[in-house]
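>>> Okay, predicted coordinates and the sequence, questions at the end:
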Amino acid sequence: MSSTFTLPDLGEGLTEADLVRWLVAEGDEVAVDQPIVEVETAKALVEVPCPYAGTVLTLHGAEGETMIVGEPLITVGSADEVDAAGPAETPAAPTAEKPGALSYREEERAGVMEPGTAQPAPDKARGGDGDVAGSDAEASGSVLIGYGTSGHGAKGRTRPSKRVRGGAPAAAATTPAAPADGAARAPRVSSPIVRKLARERGVDVAALTGTGPDGLITRADVLAAAEGGVGAPASPAASAAQDAAAAPSPAAASATSAAPAATAGVGGTDTRSGLTVASRTPLTGVRRVIADQMVRSRTVVPDVTAWLDVDVTGLLELRSALKAKGPENVPSLLALIARFTLAGLQRYPVMAARIEHAEDGREEVVEFDGVHLGLAVQTDRGLMVPSVEHAERLSAEELTRAIGETIARAREGKSAPAELTRGTFTLNNYGPLGTDGATPILNHPEVGMLGIGRIMDRPWVVDGQIVVRKVAEMTVSFDHRVTDGATASAFLTFVADCLNDPTAALARI
């Protein structure tokens, strides 16, 4: 008997993921815990392992498709089932819901169920085509991140399926009731995300034919309709059914009306500019998270940026001297800057604090015993800010390794969700971008960020003489609710003094 594995909860409250690449094909043999697919969440690129062993019968999603947690991902069974299935795996009559098609999270069930549709009983391991306990496919004995099997399902006692009166299987009770004559058939959209996308793109879901399980309308259906001009205004009856089923809240309606209406598809003419539309790219995944984070920070935080130029010649000379003594363990320039930044945060801990709401509603400034140092990293997926845990405990050499590993994971899309959310202060290196400085947006809910630009040869006054020195611009951005300019400036000048004369600074940290 086959077993269907659904898209698991990948943690951190994420409810959807983009299917990037299948690592197996239909007909392949898979082992327990073998990675079967790469999915991209809003926070990381994740390889999902399969908790069953057997032959891949069905891949339930296409590469590039956005899938909701709980949707069928892959069906695994025996090789005999591949032959027995033949060319037609579709049920002869649509008398029952496909098991697992409605096994979404409760918060995803904001769409419309067809009249008379009953909620299927939850499966023990969210299987689709057969009970895990009675499956011939081998089950994983390990508990995977966010999902997995206990390893005891195959030994457990199974109960016979409950049957409705007349001897029909209980699943038959989920057969959708036929709509009354003249009544509008509500569109099958289970995800509020898809409904919102349809509203933003001006697509009438009542006019669409879903390509998901049992005609479920997916995000891909809405996007295809938006690009192809499908989805004309529905009939009054259909429109009334849709509006009654998914009337947005006043806040959602306001946000929707504020967004620009979708105009022409690709190749059409934009009504506002008169230009030809070259492409339409959904703002999803990491880009969506970045956009939301930037808007939230700009809306909530009264941030201020201060800057100064710093002579880093002494820092470069110190590193050159260390390299001459032993090139194998030389701290990186970024690690040295981080080390002095952490020393500054130990003197001015409010720069790595956070504002939180107490139970009585009051706002509180929370300071921490330690620093999780965030690192602004430009990746192919967008700007990421992974963090080094308890960076204040690390030496410059240890920071070199930790920073290198953290940046590498971020660029490979392998950062754990905790790495991307636990930071308390961010270090931003503008140098590789070729810029001198910036006025960055804070990584909310952090209240401080230190930035350093490219290092350049500049004329500098030393002991009354104009000489050429290595100079960089440093900036500090801070939340003015938490600290004032005096404290932020004191922090900035302390770090600058350390970089200017690192040898003398060692006596103070």
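Structure received. Residues are numbered from 1 along each chain as shown.

>>> hey, where'd the strands end up in the stretch 401-509 of the chain?
Along the stretch 401-509 of the chain, the segments classed as strands by DSSP state E, counting those that start in this stretch run 425-429, 448-452, 456-462, 465-479.

>>> which of those strands sits most buried?
Mean neighbour count (mean count of other C-beta atoms under 10 Å) peaks for strand 448-452 among the strands of the stretch 401-509 of the chain, with a mean of 25. Every C-beta, even on glycine, is put in place using the N, C-alpha and C of the backbone.

>>> Not counting that strand itself, show me its contacts.
Contacts to strand 448-452, defined as C-beta atoms under 8 Å, 6 or more residues apart in numbering, come from residues 337, 341, 351-352, 376, 425-431, 437-438, 440, 442-443, 472-479, 483, 488, 491-492, 495.

>>> Mind doing that once more with 6 Å?
341, 351, 425-430, 440, 442, 472, 474-478 (C-beta atoms under 6 Å, 6 or more residues apart in numbering).

>>> average pLDDT for that strand?
Mean pLDDT, computed over strand 448-452, is 97.

>>> ok, now stretch 407-426?
The model assigns stretch 407-426 a mean pLDDT of 91.

>>> where exactly do the helices run in the stretch 351-500 of the chain?
396-412, 485-500 (DSSP state H, counting those that start in this stretch).

>>> and the ones you listed as JSON lines, adding mean neighbour count and distance to residue 67?
Output for these, formatted as JSON lines (neighbours: other C-beta atoms under 10 Å; distance: least, C-beta to C-beta, whole Å):
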{"stretch": "helix 396-412", "mean neighbour count": "18", "distance to residue 67": "22"}
{"stretch": "helix 485-500", "mean neighbour count": "19", "distance to residue 67": "44"}
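
>>> Quick one: closest of those helices to residue 455.
Nearest to residue 455 among these is helix 485-500 (10.4 Å), distances taken as C-beta to C-beta.

>>> Which strands or helices does the closest one pack on?
strand 303-311, helix 333-347, strand 465-479 (3 or more C-beta pairs under 6 Å, 6 or more residues apart in numbering; DSSP states H and E).

>>> Mind listing what's buried along the shortest one?
I take that to be strand 303-311. Buried positions in strand 303-311, judged by neighbour count with 16 or more other C-beta atoms under 10 Å: 303, 305, 306, 307, 309, 310, 311.

>>> Extract the C-alpha trace of it and format it as PDB.
The C-alpha atoms that make up strand 303-311 are tabulated as PDB, following Å, rounded to 0.1, in the frame of the first residue of the first chain:
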ATOM      1  CA  ASP A 303      16.200  55.800  13.300                       C
ATOM      2  CA  VAL A 304      19.100  58.200  13.100                       C
ATOM      3  CA  THR A 305      22.500  57.800  11.500                       C
ATOM      4  CA  ALA A 306      25.800  59.300  12.500                       C
ATOM      5  CA  TRP A 307      29.100  58.900  10.800                       C
ATOM      6  CA  LEU A 308      32.800  59.800  10.900                       C
ATOM      7  CA  ASP A 309      36.000  59.100   9.000                       C
ATOM      8  CA  VAL A 310      38.500  56.800  10.700                       C
ATOM      9  CA  ASP A 311      42.200  56.300   9.900                       C
END
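
>>> tell me which residues in the next helix or strand along the chain from that strand are buried?
Per DSSP states H and E, the first helix or strand lying C-terminal to strand 303-311 is helix 313-325. Across helix 313-325, burial judged by 16+ other C-beta under 10 Å covers 313, 314, 315, 316, 318, 319, 322.

>>> Pick out the most distant pair among those residues.
313 and 322 (15.2 Å).

>>> shaky segments in the stretch 51-200 of the chain?
79, 81-193, 196 (pLDDT under 70).

>>> let's see it at 90
52, 61-70, 77-200 (pLDDT under 90).

>>> picking up where we left off before, next, give me the two most distant ones among the contacts of strand 448-452.
442 and 472 (21.1 Å).

>>> correct me, but residue 339 touches residue 397?
No. With contact defined as C-beta atoms under 6 Å, residue 339 and residue 397 do not form a contacting pair (9.7 Å).

>>> Past the helix or strand harbouring residue 56, which element shows up next along the chain?
Assigned by DSSP H and E, residue 56 falls within strand 52-59. Going down the chain from strand 52-59, the next helix or strand is strand 66-68, by DSSP H and E.

>>> tell me what the following helix or strand past that next one is packed against?
The first helix or strand that comes after strand 66-68 along the chain, using DSSP H and E, is strand 72-77. Contacts defined by 3+ C-beta pairs under 6 Å, 6+ apart place strand 72-77 against strand 3-6, strand 52-59.

>>> Report the inter-axis angle for strand 72-77 versus strand 52-59.
120 degrees (axes from the mean of the first three to the mean of the last three C-alpha atoms, to 10 degrees).

>>> Buried residues, strand 72-77. List them.
Buried residues in strand 72-77 (16+ other C-beta under 10 Å): 72, 73, 74, 75, 76, 77.

>>> Keeping just the C-alphas, turn it into PDB.
Taking C-alpha atoms only, strand 72-77 is exported to PDB below (Å, rounded to 0.1, in the frame of the first residue of the first chain):
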ATOM      1  CA  PRO A  72       0.700  16.200  -0.800                       C
ATOM      2  CA  LEU A  73       4.400  16.300  -1.800                       C
ATOM      3  CA  ILE A  74       5.300  12.700  -2.800                       C
ATOM      4  CA  THR A  75       3.700   9.300  -2.900                       C
ATOM      5  CA  VAL A  76       5.900   6.300  -2.200                       C
ATOM      6  CA  GLY A  77       4.900   2.600  -2.600                       C
END
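
>>> partner strands of that strand, parallel or antiparallel?
strand 3-6 (antiparallel), strand 52-59 (antiparallel) (DSSP bridges).

>>> Nearest to residue 503, out of these?
strand 3-6 (59.3 Å).

>>> Can you show me the CA trace of the closest one as CSV?
Extracted in CSV, the C-alpha atoms of strand 3-6 (Å, rounded to 0.1, in the frame of the first residue of the first chain):
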residue,chain,number,x,y,z
SER,A,3,2.0,6.3,1.5
THR,A,4,1.8,10.0,0.7
PHE,A,5,4.1,12.4,2.4
THR,A,6,2.8,16.0,2.7
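
>>> what's the next secondary structure element after it?
strand 16-22.

>>> Pairing partners for the helix or strand just after that following strand, with directions?
Remark: after strand 16-22, the chain's next helix or strand is strand 29-30, criterion DSSP H and E. Partners of strand 29-30 in the sheet, by DSSP bridges, are strand 52-59 (antiparallel).
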